[in-house]
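Asks: One predicted model, sequence on top.
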Amino acid sequence: MSKSIKVNLITGRSLAQGRTKELGKLSEEYLNTVAVCEFNPDDLKKVGISPGQNVKIVTNFGDVIVKAIEAKQLLESGVAFMPYGPWAEFVINPETHGTGMPSYKGIEATIEPAQNEKVLTIEEIVKILLRK
């Protein structure tokens, strides 16, 4: 059985995301900067994940496979950061509570290794969303 950890997931814009947006959202560079989740290095060790490996993020709202990377900014143990984008949309609460914006911060999530699972391309994500 694989290990898992609970984290407080926050989402937001990243500098790398902004730089690759110019290349287009269908580019491999965009995928590599947005289909990721940043972790405190100690949390990666706890769950037995190396940077660059696939992880499964599971919340009460859904799940998604992304690449794990070491945090580019200081993140406390137990906190994970994921850039806004199609991959984050699978794990955030879609309810806007009358504000027009879903809650992008403070999402309880479970992280587990997913080496044998694939990170979906943006085209695959769109096909899934169109079926809903």
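Replies: Yes, it's here.
Asks: For stretch 7-23, the averaged confidence score.
Replies: Averaging pLDDT along stretch 7-23 yields 69.
Asks: same check, this time on stretch 78-98
Replies: 83.
Asks: chain center to it, what's the gap?
Replies: Relative to the centre of its chain, stretch 78-98 is centred 8 Å away, using Cα atoms, centre = their mean, to the nearest Å.
Asks: Equivalent analysis for stretch 51-59, please.
Replies: For stretch 51-59 - counting by Cα atoms, centre = their mean - the centre lies 7 Å from the chain centre.
Asks: which helices and strands does the lengthiest helix in the chain pack with?
Replies: Using DSSP state H, we find that the single longest helix of the chain is helix 122-131. Helix 122-131 sits against no helix or strand, with contacts defined as 3 or more Cβ pairs under 8 Å, 6 or more residues apart in numbering; DSSP states H and E. No exception for glycine: its C-beta is placed from N, CA and C like everyone else's.
Asks: Keeping just the C-alphas, turn it into PDB.
Replies: Extracted C-alpha coordinates of helix 122-131, given in PDB (Å, rounded to 0.1, in the frame of the first residue of the first chain):
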ATOM      1  CA  ILE A 122      -5.200  20.100 -21.700                       C
ATOM      2  CA  GLU A 123      -6.900  18.500 -24.700                       C
ATOM      3  CA  GLU A 124      -7.800  15.500 -22.600                       C
ATOM      4  CA  ILE A 125      -9.100  17.700 -19.800                       C
ATOM      5  CA  VAL A 126     -11.300  19.700 -22.100                       C
ATOM      6  CA  LYS A 127     -12.900  16.400 -23.500                       C
ATOM      7  CA  ILE A 128     -13.600  15.300 -19.900                       C
ATOM      8  CA  LEU A 129     -15.200  18.700 -19.000                       C
ATOM      9  CA  LEU A 130     -17.300  18.700 -22.100                       C
ATOM     10  CA  ARG A 131     -18.800  15.400 -21.100                       C
END
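Asks: Buried residues in it, which are they?
Replies: 122, 125 (16 or more other Cβ atoms under 10 Å).
Asks: if I pick Leu9, what's in contact with it?
Replies: 37, 57, 59, 79-82, 91, 106-109 (Cβ atoms under 8 Å, 6 or more residues apart in numbering).
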